[in-house]
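[1] Model the structure of this input:
(2 chains)
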Number of protein chains: 2
Amino acid sequence: MKRLSVLDAMFLAGETRESMMHVGGLLPFTPPPDQSPRFLRELADEIRGSTEVHPPWNLRLRTPSLLRNPLQAWVEDEDFDIDYHVRRSALPSPGDERELGILVSRLHSVQMDFHRPPWEVHIIEGLAGGRWALYFKVHHALIDGYTAMRMLAASLSEDPADRDTPMFYARPPRTRTARTEGDEAHVPTLAALLDAARHEAGAVREVGRAVANVVRAARSGDRSLVLPLQAPHSILNRRISRNRRFATAQYPIERLRRIARAGGGTLNDVALALCGAALRQLLSDLGELPDQPLTAMLPVNIRPKDDPGGGNAVGAILASLATDLDDPRARLEAITASTQRAKEQLAGMSRSAILQYSALLTAPLGFQLVPGAAGRVRPAFNVVVSNVPGPERPLYFRGSRLDGVYPLSIPFHGVGLNITLNGYVDTLNFGFIGCRDVLPHMQRLAVYSADALDELERAVG
Amino acid sequence: MKRLSVLDAMFLAGETRESMMHVGGLLPFTPPPDQSPRFLRELADEIRGSTEVHPPWNLRLRTPSLLRNPLQAWVEDEDFDIDYHVRRSALPSPGDERELGILVSRLHSVQMDFHRPPWEVHIIEGLAGGRWALYFKVHHALIDGYTAMRMLAASLSEDPADRDTPMFYARPPRTRTARTEGDEAHVPTLAALLDAARHEAGAVREVGRAVANVVRAARSGDRSLVLPLQAPHSILNRRISRNRRFATAQYPIERLRRIARAGGGTLNDVALALCGAALRQLLSDLGELPDQPLTAMLPVNIRPKDDPGGGNAVGAILASLATDLDDPRARLEAITASTQRAKEQLAGMSRSAILQYSALLTAPLGFQLVPGAAGRVRPAFNVVVSNVPGPERPLYFRGSRLDGVYPLSIPFHGVGLNITLNGYVDTLNFGFIGCRDVLPHMQRLAVYSADALDELERAVG
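    Residues are numbered from 1 along each chain as shown, chains lettered A, B, ... in the order given. You can find the predicted model right below:
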């Protein structure tokens, strides 16, 4: 029996039919040209033939009918049923990105069954060109999305000829746990941010001081610094329903880097510019574009000014998405100025101030995890954009080449859209996950981000 | 605004994540040989292109977050979104009956979103041999399964050349409502039975009298008459989970009729014999076959002895499935004797006694519809088997020939398996719907029922 950490318990406490706290990933693969058409069927049979499963993948909740039981714990599932967790699905024709997005959206809209270990893997066939995909889904209380994606990637192989790779759940766990170790504590995920901020969330006086710090900085006349509560009202910031939409985009990092070099700013600034342009276009389509620019909250890895050990901390910055500007180059410049100022601001803080400031910013999300408070606190930002590292070398699963790594994070009441970026070899992968009812036609975000990239290239070229 | 009927309100009150009160149907089609591969895509686009929708298909609940609101009502959905209700899906290869069963099981395991009109239609492609299917799902509080299936069938065409048939929800409703009219009140559905029995459910004295009637009859030494509470304990009669399994079978009515003629009994007795044989085999596989025979509850249409108008009433009988007998012929004979005696018994009752007796039998199901009581009353039977009429002439949808009509009724806490039989032209169609966790390997029921038919033919031939 294993008690839940405080953060894990919070993710469980926040779970409702609408505000579901599971995360996921989509991994499309290209099979080798000589692949048998029966490959996926045989793969599924083979996978289900093995009964080996290791923690945490064999753990279920002790009291699944009472999620908020203070004595909640993980216990081993004595009736572990691999057929329940490993499933097959297929796309309707033509099996394009749109159909894949719709299927994954639907799978992601279904709540976990807490009577079983809360994870599923779907082997999806019927992608155009003979491709296939893995979609996995896991509750954040069991494992966070970044760690899950990392464990999944670790069970792939760098060798195309490797045909024996065991599935991630059949690999014995490493003795150290990822979340508490070394560098990994500094990966700027939403979980790391919430965990860091959690200790500070109740300390109103401290939060007040953090705000005072920021406001003092703002008085110096710096208009690039986005302040908390400056976010405009937008349709993104309503209560969410149970329905999700998912869309993906993938761009060569080199294209983004060229723009960054030519236009100033970082790779991440260019990525934000694509998000900003896509959101500007979609909200315009809907007649819902606010006059003020949308603001994004970004978990970042910051070196505090007072840290003697040279260690890093995960903090949060607010950045303008410059959705009020029509000119792509001006938009990129405004975003770049905004992130730069925000990071300088944070880097000038002590570790403690970083945590307090992050606590202030993430409090509205934290409140979503408190039953009864959900949707009643206005977020200080419109959208969350995370950027997490991914596999740096090409990976294979039974000879099929991994084509991309698309994360699905959590929409909250009040923050109905989450964009998570994930690197893979020489590409940047975008996972747009949102509430279908808060943001109609969400899948256009992917299309518009591609348009935005072309436009930016022309603008800075 | 339209208030709910008492029965409809009961189906809403009984709704939980585990005990879901939606019903469904599966309709496979064979396209004409010259069908374009793009047919289904174009069909979906065309269907979604029309915004015409008529009651009840455009109605949603007034207070979806408070299902049991005494002032609950149906109101028009102002934001009706056809894309939400009409969906595309596909089967993984080889697209056989098993894969179709698994997909429909999963779709049926997802709870309705009561913020919208509670129905969905899925266009499923990828069935072996180029076939496709419609799966629809509707909450019983909006419309019962038999009526929904009838409305769906009415929107198909007897003409293969007809390419303009509007979808069922786009057909203006007939002015009379089906449930209260003429013959249709006498179709022996579970809904008709619950509705008839509802008025009697509270009258303890009356129920006592009905039991006394039956016990008196039993004292005469008739061992074929199955008494209430004679049902053995079985794994079918546990609390159910949220997961469903669905399986189908279809047999030429002529094959069953030949057996009925040779072995005695009715067509329905032969169908029950197939169910009994399949259950005997599956429970034996699982090491869970009770010593005593399983008993089935069957909604039937009975002519009461005292009815001056010669009208019929829907009542319930209990029949033995003779799962204790190894010999197929002896099993059929035992079942035949059991249904014959039960029907004689019921036909000997007054209309009022029929209702009281039905109330007694269905009370445990009725209790499932009362929050808090679910799963705490032991059913007087192990499984529900319904037999409802279906289309008598071949039907087509845009040139595709309808191959069968498979109903999905409701598993309850304590009755984790429902078998509904539906006629279609010269075939009898079986829809087995059960709780996946109560009855593992449920899809073997379909296979075993086919074995049982072969075996019976040999036994009586």
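
[2] When you work out contacts or count neighbours from here on, use the C-alpha atoms and nothing else.
    Fine.

[3] Can you tell me how far the closest residue to chain B within the stretch 201-350 of chain A is from A:His413?
    Ranked by Cα to the nearest Cα, the top residue of the stretch 201-350 of chain A for proximity to chain B is A:Arg242, at 7.9 Å. The gap separating A:Arg242 from A:His413 is 11 Å, by Cα to Cα, to the nearest Å.

[4] who touches both of those two?
    When contacts are counted by Cα atoms under 8 Å, 6 or more residues apart in numbering or on different chains, A:Arg242 and A:His413 have A:Ser19 as shared neighbours.

[5] Of these two, which one has the most company?
    Legend: neighbour count by other Cα atoms under 10 Å in any protein chain shown for A:Arg242 and A:His413, higher for A:His413 (29 against 18).

[6] What separation do you get for that one and B:Glu18?
    Distance of A:His413 to B:Glu18, computed by Cα to Cα: 25 Å.

[7] swap in A:Phe136?
    For A:Phe136 relative to B:Glu18 (Cα to Cα), the value is 23 Å.

[8] Return the set of buried residues in stretch A:443-458.
    For stretch A:443-458, a neighbour-count test (16 or more other Cα atoms under 10 Å in any protein chain shown) marks A:Gln443, A:Arg444, A:Leu445, A:Ala446, A:Tyr448, A:Ser449, A:Ala450, A:Ala452, A:Leu453, A:Glu455, A:Leu456, A:Glu457 as buried.

[9] Out of these, give me the two with the largest separation.
    A:Gln443 and A:Glu457 (22.5 Å; Cα to Cα).

[10] List the buried residues in whichever strand or helix holds A:Arg331.
    Using DSSP states H and E, A:Arg331 maps to helix A:328-347. For helix A:328-347, the neighbour count (16+ other Cα under 10 Å) marks A:328-329, A:331-343, A:345-347 as buried.

[11] other SSEs contacting that helix?
    helix A:253-263, helix A:267-285, strand A:295-302, strand A:313-320, helix A:444-460 (3 or more Cα pairs under 8 Å, 6 or more residues apart in numbering or on different chains; DSSP states H and E).

[12] Report the rounded mean pLDDT for the first one.
    Spelled out, it's helix A:253-263. Helix A:253-263 shows a mean pLDDT of 96.

[13] swap in the second one?
    With pLDDT averaged residue by residue, helix A:267-285 scores 98.

[14] Buried ones in stretch A:127-138, by neighbour count?
    A:Leu127, A:Arg131, A:Trp132, A:Ala133, A:Leu134, A:Tyr135, A:Phe136, A:Lys137, A:Val138.

[15] Residues in a beta bridge with the fourth one, which ones?
    Read that as A:Ala133. Taking DSSP bridges as the rule, A:Ala133 bridges to A:Pro28, A:Ile124.

[16] So it sits against A:Leu26, correct?
    Yes. Here A:Ala133 reaches A:Leu26: they are 7.0 Å apart, a contact under Cα atoms under 8 Å.

[17] Quick check: phi and psi on the residue lying closest to A:Asp324 once chain neighbours are set aside?
    With sequence-adjacent residues excluded and distances taken as Cα to Cα, 6 or more residues apart in numbering or on different chains, A:Asp324 is closest to A:Pro293, at 5.0 Å. When quoted as degrees, to the nearest 10, the phi and psi of A:Pro293 stand at phi -70, psi 140.

[18] contacting residues for A:Pro293?
    A:Ala231, A:Pro232, A:Ser320, A:Leu321, A:Ala322, A:Thr323, A:Asp324.

[19] Counting only strands, which of these make the cut?
    A:Ser320 (DSSP state E).

[20] before we move on, back to that, pick the most buried one from the helices and strands packed on helix A:328-347.
    The highest mean neighbour count among the helices and strands packed on helix A:328-347, using mean count of other Cα atoms under 10 Å in any protein chain shown, belongs to strand A:313-320: a mean of 29.

[21] what does that strand contact?
    A:185-188, A:192-193, A:196, A:225-228, A:293-304, A:334-335, A:338-339, A:342-343, A:346, A:351, A:354-355, A:357-358, A:361-362, A:381.

[22] could you redo the last one with a cut-off of 6 Å?
    A:186, A:188, A:193, A:226, A:295-302, A:335, A:338-339, A:342, A:354, A:358 (Cα atoms under 6 Å, 6 or more residues apart in numbering or on different chains).

[23] And for stretch A:117-134?
    Against stretch A:117-134 from outside (Cα under 6 Å, 6+ apart): A:26-30, A:58-60, A:85-91, A:95-96, A:112, A:135-139.

[24] Ok, stretch A:151-162 next?
    For stretch A:151-162, contacts defined as Cα under 6 Å, 6+ apart pick out A:Phe168, A:Leu395, A:Tyr396, A:Phe397, A:Arg398, A:Gly399.

[25] re the thing from before, please flag which of the contacts of A:Pro293 sit within helices.
    Taking DSSP state H, every one of the contacts of A:Pro293 sits outside helices.

[26] What's the ChimeraX line that selects buried ones from the contacts of A:Pro293?
    Of those, the buried ones go into a single ChimeraX selection, burial set by 16+ other Cα under 10 Å:
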select /A:231,232,320,321,322,323,324
